[in-house]
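Engineer: Only the shape, not the letters, is given here:
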DNA sequence: CGGGGTTCCTGGCCGC
DNA sequence: TGCGGCCAGGAACCCC
């Protein structure tokens, strides 16, 4: 479900709600995927950060008389959502909840259980291999046309797969990869592209993501911000989910097929191989 | 080690 | 109405 724009929208709403607050206690659904959430009990929130699609809550814990810095990491998987409520929910899909010292409750809900919660020493991401090997943030100024081109060139898989891997650039998922490739007029099955085309692709990725963030994320079904509202970027999609419909540039019928185990939509004319 | 396939989950929707 | 089959914003894991 949530890709970078959705997680960033959640982060922005969550920050003022929990910054400086203390988790009095935490409960988790009995699964190794969520169990570590309980370890955040007694922690005070120092910052609400994001890396790629991972929400990283920096906390401080009193342990044997000393202050320890820790990170509570939440990954929303395909269908995860976060809410801050006044009362506990009678909801079978709540996978973790933390009572705050202002009486409110932070809730992590995830119907499909594809999400994950980890409680780690700062920067120790060994239990989350994708985060541990994650590529640059898309808006990091150190990510340049040159470094992006080099990074793309270092792998032989199809472009679609490379962009989904999180290693070339962090935060793209199935929606925004299709949108970015469409805007850059790059075919998803191509294995290498030139310097100039990769520069256009990087610009397209940045444009697609910043628009989506400005629109509060894309709601297809589950995605909600902590206040329960949907995003609006679903009205801004040009390619994802539009198979069978006319391309907004050339009017060709958009195609769809599975590439790298993921449903992929593209324009056979604009994105010709 | 890189790349590709499989698996984890549940619910919604479509067609019969 | 009931049910099987298929699909879904992701990534960990396993096996070449």
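Structural biologist: On my side now, so go ahead. This is a predicted model, so every value here is computed, not measured.

Engineer: Excluding residues flanking it in the chain, which one is nearest residue A:38?
Structural biologist: residue A:26 (4.5 Å; Cβ to Cβ, 6 or more residues apart in numbering). Placement of C-beta: from N, CA and C, glycine included.

Engineer: quick one: low-confidence parts of chain A?
Structural biologist: Counting by pLDDT under 70, chain A contains low-confidence ranges at A:1.

Engineer: tell me the phi and psi of the residue nearest the centre of chain A?
Structural biologist: Taking Cα atoms, centre = their mean, the centroid of chain A lies closest to residue A:53, which sits 2.5 Å from it. Main-chain dihedrals, residue A:53, degrees, to the nearest 10: phi -100, psi 10.

Engineer: Please list the residues of chain A that sit near DNA strand B.
Structural biologist: Residues of chain A that fall close to DNA strand B, judged by Cβ under 7 Å from any atom of the strand: A:31, A:111-114, A:155-158, A:161, A:221, A:260-261.

Engineer: Just the buried residues of the residues you listed.
Structural biologist: A:111, A:113, A:158, A:161 (16 or more other Cβ atoms under 10 Å).

Engineer: export the residues you listed to TSV and tack on secondary structure?
Structural biologist: TSV is the format used below for these (DSSP: H, G, I helix; E, B strand; the rest coil):
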residue	secondary structure
A:111	coil
A:113	coil
A:158	coil
A:161	helix
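
Engineer: how about stretch A:6-16: buried residues?
Structural biologist: Within stretch A:6-16, the residues scored as buried using 16+ other Cβ under 10 Å are A:6, A:7, A:8, A:9, A:10, A:11, A:13, A:14.

Engineer: Let me know the closest of these to residue A:256.
Structural biologist: Nearest to residue A:256 among the buried residues of stretch A:6-16: residue A:6, at 22.2 Å, using Cβ to Cβ.

Engineer: Next, the contact list for the closest one, please.
Structural biologist: Contact analysis of residue A:6 by Cβ atoms under 8 Å, 6 or more residues apart in numbering lists A:76, A:217, A:218, A:223, A:231.

Engineer: List the ones among those that fall in helices.
Structural biologist: Among the contacts of residue A:6, the subset assigned to helices under DSSP state H is empty.
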